[in-house]
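Colleague: Need coordinates for the following:
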Amino acid sequence: MIHTYSGETIRFEVTYKKLTSIGLSMDQYGNVEVLAPKGTSDERVLHILEENWDLIQEKAKEMKDRMLGSKERVYEHGETFLFWGRDYPIQIVHDENIQQDHAVFDGERLHIYVKQLDDEKIKQALKRFYYQQCKTIVEKSIKSYQSNFKTKPRSVRIVDSKKNWGTCDANLQLTFNWKLAMAPQKVIDYVVVHEMCHMVHLNHDRSFWRLVGKIMPGYKEQENWLAVSSWKMTV
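Modeller: Residues are numbered from 1 along each chain as shown. Here you go, the predicted structure:
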């Protein structure tokens, strides 16, 4: 079926089941399915679609972008990068007199100061910023959740990893991926709690997940954010 609203057109399917309310779902390709109680009128279905139109369009765009994969980054004024779960524009500042290339966040944009207007220099300055911010945010999160544990981590390191968001070894040494600085605070907290729980249970058995769930009941939502959004966490 096709429906046009606010100048946009979507295709959707309706599945009627023994339900008490209408629900919406979207597959990995952005196809919309309406799950409706038997006997629901077409007018009611369309009304629900229109009520959720902005969300449907937003999710459809996310799915499309995800399928296309991460784009090649451009280091120009106005290009956006994730920080703490939100997209912020960058502002390039060319200053030959600075001691070291660096980046500063003012709450609205990321100012990147470089001696040379070179993409690699800009990239490295931004990456150092994320490393520094990740360490600060992670250490603050560890301190916040420490009361849930009898043991403390022996060390905390920020690393560049293509496989893990965090690790904990038998010596209670915790490592975290610098890209976590791009994630929302709750997602960072989840990764921190996950690795701190490994100080008690080194594997992923039921006891481990019970402990994670006890400390952070809504952790699956944070896992889902990483699964859906990790492809955007690039510099």
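
Colleague: What residues does Ile2 make contact with?
Modeller: Thr9, Ile10, Arg11, Phe12 (Cβ atoms under 8 Å, 6 or more residues apart in numbering). Placement of C-beta: from N, CA and C, glycine included.

Colleague: can you rerun that using 7 Å?
Modeller: Residues in contact with Ile2 (Cβ atoms under 7 Å, 6 or more residues apart in numbering) are Thr9, Arg11.

Colleague: ok, it to Ser230 distance?
Modeller: 33 Å (Cβ to Cβ, to the nearest Å).

Colleague: now swap in Val74 and tell me
Modeller: Distance, Val74 to Ser230, using Cβ to Cβ: 20 Å.

Colleague: Just want to know which of those two has more residues nearby.
Modeller: Using other Cβ atoms under 10 Å, the more surrounded residue of Val74 and Ser230 is Ser230, with 17 against 9.

Colleague: That one: what secondary structure?
Modeller: Here Ser230 is helix, with the state taken from DSSP: H, G, I helix; E, B strand; the rest coil.

Colleague: What is the burial count for the nearest residue to it once chain neighbours are set aside?
Modeller: In space, and not counting its chain neighbours, Ser230 is closest to Lys179: 8.0 Å by Cβ to Cβ, 6 or more residues apart in numbering. Neighbourhood size, Lys179 [other Cβ under 10 Å]: 21.

Colleague: what's the answer for Glu72, then?
Modeller: So Glu72, with other Cβ under 10 Å, has 5 neighbours.

Colleague: measure it to Glu79 for me?
Modeller: For Glu72, the distance to Glu79 - Cβ to Cβ - is 11 Å.

Colleague: The residue nearest to Ser230 against Lys232, yeah?
Modeller: No. With contact defined as Cβ atoms under 7 Å, Lys179 does not reach Lys232; the gap is 10.1 Å.

Colleague: Give me the neighbour count for the closest residue in space to Tyr131 that isn't next to it in sequence.
Modeller: Nearest residue to Tyr131, sequence neighbours excluded (Cβ to Cβ, 6+ apart): Trp178, at 4.8 Å. The tally of other residues near Trp178 (other Cβ under 10 Å) stands at 22.

Colleague: these two touch, right, Trp178 and Ile158?
Modeller: Yes. Between Trp178 and Ile158 there is a contact at 5.1 Å, judged by Cβ under 7 Å.

Colleague: Residues that sit against both of these two, list them.
Modeller: The contact sets of Trp178 and Ile158 overlap at Tyr131, Cys134 (Cβ under 7 Å, 6+ apart).

Colleague: residues touching Arg56, list them.
Modeller: In this structure residue 56 is Ile, not Arg. By Cβ under 7 Å, 6+ apart, the contact set of Ile56 is Ile10, Val32.

Colleague: just checking, next helix/strand downstream of the helix or strand of the chain with the lowest mean pLDDT?
Modeller: Using mean pLDDT, DSSP states H and E, helix 53-68 stands out as the lowest-scoring helix or strand of the chain, at a mean of 74. For helix 53-68, the following helix or strand on the C-terminal side (DSSP states H and E) is strand 80-83.

Colleague: That next one - contacts with which helices or strands?
Modeller: Judged by 3 or more Cβ pairs under 7 Å, 6 or more residues apart in numbering; DSSP states H and E, the packing partners of strand 80-83 are strand 86-94.

Colleague: Each with direction, which strands does the strand it packs on pair with?
Modeller: If you go by DSSP bridges, strand 86-94 pairs up with strand 80-83 (antiparallel), strand 110-114 (parallel).

Colleague: All set, thanks.
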